[in-house]
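>>> Fold the following.
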Amino acid sequence: MAKKIKKDDPMYREALSWMAYRYAIGITEYVGRSGKSEAERYRMFRDIEFDTEEFHALAGAFMDFLKRKKITDIVQLRDKYRENDLIWLSRNYAMGRHSYVASHCEDIISYSDEVLSPQRKEFMAHDIRRELGDHLRFQSFFFDLPLGIERTHSPLDLFLRFITENDVDTEEKLLEYDHIQVIISPEGEVSYRTEKKDKVDKEKDYFSAMWSVDDYIGWDELASYFLPSCHKKCRMVYDGKESIVPYIDSWARIWDGSGKMQYERVKVPIDKRPGFFRRSFLVEECIVEENL
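The predicted model follows:
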């Protein structure tokens, strides 16, 4: 079981800071649609001269911001938002890494209730889902998702539903697709429109479920953990005792020795401490009523 990291643990800020700066280095090089890097955009505000019209407009907007956030101490503001920034930056660095930091989602769960507001949790949940969708979209099979789908659906869940329902149980079968379009009806029903390649280019077309799905499942669970709309309850009976257990829906890899790309739906309890997160699933045979 992973050790629970608390906010006052020295490793908390050290780990956050290390991953945050590793990610933040990249924004100095990234050039957005405006043709300016993120660092250059921030420099525009830094270069505003004191006691000018621009300065007073910026100061006024900043004071309004402080009032909305009910912040009276500038030190409080700095500490609060520095922490939020560190968590967000470290998340961007760790998500999708194929090393020990891929489990950073479990650390964030450990201290999230102490340092993140409900609004910030919702923002991060949608941000995680959006990145998962982008990752699946830019594969050779082009998993085409509706714009803004992250607010109502998990892109990873939609992908795993597709391969499960269509018996796509190997990477080779998946790479036969050229376009997989997700369609959501006005009633919320999900369907898929697909096109296949004439020929698979084995040198260019590549997909690893272990890297592109398994390392992301925990982050998808983190997003669901942060969204109250994803929380459910079930009634369980074990050893003659009945209990109501809160949970979120997720997926787990089926390791049966076949080497196939197979996943099954699981229910992850969220009433236990985060050290059990991702590694504890509810036993379906003990569930007598679900989705309460």
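
>>> which outside residues touch the longest strand along the chain?
In the chain, with assignment by DSSP state E, the single longest strand is strand 241-253. Outside of strand 241-253, the residues within contact range by CB atoms under 8 Å, 6 or more residues apart in numbering are 156-157, 160, 209, 213-214, 217, 220-221, 224-225, 230-237, 262-271, 281-282, 288, 292. C-beta here means a position set from N, CA and C on the backbone, and glycine is covered the same way.

>>> Which among these count as buried?
For the contacts of strand 241-253, a burial check counting by 16 or more other CB atoms under 10 Å picks out 156-157, 160, 209, 213-214, 217, 220-221, 224-225, 230, 232, 234, 236, 262-263, 266-270, 281-282.

>>> Out of those, which sit inside helices?
Among these, DSSP state H puts Leu156, Asp157, Leu160, Ala209, Ile217, Asp220, Glu221, Ser224, Tyr225 in helices.

>>> Which entry within those residues corresponds to the minimum pLDDT?
Lowest pLDDT among those: Ala209, with 86.

>>> how close does it sit to Thr170?
As for Ala209, its distance to Thr170 is 9 Å (criterion: CB to CB, to the nearest Å).

>>> And Tyr100, by the same measure?
Look at Tyr100 and Thr170: by CB to CB, they are 28 Å apart.

>>> Of these two, which one has the most company?
Thr170 (16 against 8; other CB atoms under 10 Å).

>>> Run a quick check on that one versus Ser258, I expect a contact.
No: counting by CB atoms under 8 Å, Thr170 sits too far from Ser258 to count as a contact (9.6 Å).

>>> The most centrally placed residue in the chain in helix, strand or coil?
For the chain, Ile128 is the residue whose C-alpha lies nearest the centre (CA atoms, centre = their mean; 2.9 Å). Classification of Ile128 using DSSP: H, G, I helix; E, B strand; the rest coil returns helix.

>>> List the contacts of it.
Arg91, Met95, Trp219, Asp220, Leu222, Ala223.

>>> go with 6 Å
Trp219, Ala223 (CB atoms under 6 Å, 6 or more residues apart in numbering).

>>> Give me the pLDDT value at it.
Reported pLDDT at Ile128 in the predicted model: 92.

>>> What's the separation between it and Ile108?
Applying CB to CB to Ile128 and Ile108 gives a distance of 10 Å.

>>> now the strands: where do they sit in this structure?
Assigned by DSSP E, the chain shows strands spanning 143-144, 177-184, 190-196, 232-238, 241-253, 263-269, 287-289.

>>> For the first one, which strands pair with it and how are they oriented?
Each strand that pairs with strand 143-144, with its direction, by DSSP bridges: strand 177-184 (parallel).

>>> Same question for the fifth one.
Next to strand 241-253 in the sheet, as set by DSSP bridges, lie strand 232-238 (antiparallel), strand 263-269 (antiparallel).

>>> Let me have these in JSON lines, extended by distance to Lys196 and mean pLDDT.
Converted to JSON lines, those look like this (distance: least, CB to CB, whole Å; pLDDT from 0 to 100):
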{"stretch": "strand 232-238", "distance to Lys196": "36", "mean pLDDT": "95"}
{"stretch": "strand 263-269", "distance to Lys196": "22", "mean pLDDT": "94"}
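
>>> closest to Lys197 out of those strands?
Closest to Lys197 of the strands paired with strand 241-253, according to CB to CB: strand 263-269, at 23.4 Å.

>>> Put the alpha carbons of the closest one into CSV.
Taking Å, rounded to 0.1, in the frame of the first residue of the first chain, the C-alpha atoms of strand 263-269 are listed here in CSV:
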residue,chain,number,x,y,z
TYR,A,263,-10.5,-4.4,-19.8
GLU,A,264,-13.5,-4.8,-17.5
ARG,A,265,-15.7,-2.4,-15.6
VAL,A,266,-15.0,-2.1,-11.8
LYS,A,267,-16.3,-0.1,-8.9
VAL,A,268,-13.7,1.8,-6.9
PRO,A,269,-14.7,2.6,-3.3
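
>>> And for that strand, what's in contact with it?
Leu160, Val245, Tyr247, Ile248, Ser250, Trp251, Ala252, Arg253, Ile254, Ser280, Phe281, Leu282.

>>> I'd like to know which of the residues you listed is nearest to Glu189.
Proximity of the contacts of strand 263-269 to Glu189 (CB to CB) peaks at Leu160, which lies at 17.4 Å.

>>> Now for the residue lying closest to Asn166 once chain neighbours are set aside, how many residues are close by?
Excluding the flanking residues, the one nearest Asn166 by CB to CB, 6 or more residues apart in numbering is Tyr192, at 7.7 Å. Per other CB under 10 Å, the neighbour tally for Tyr192 reads 16.
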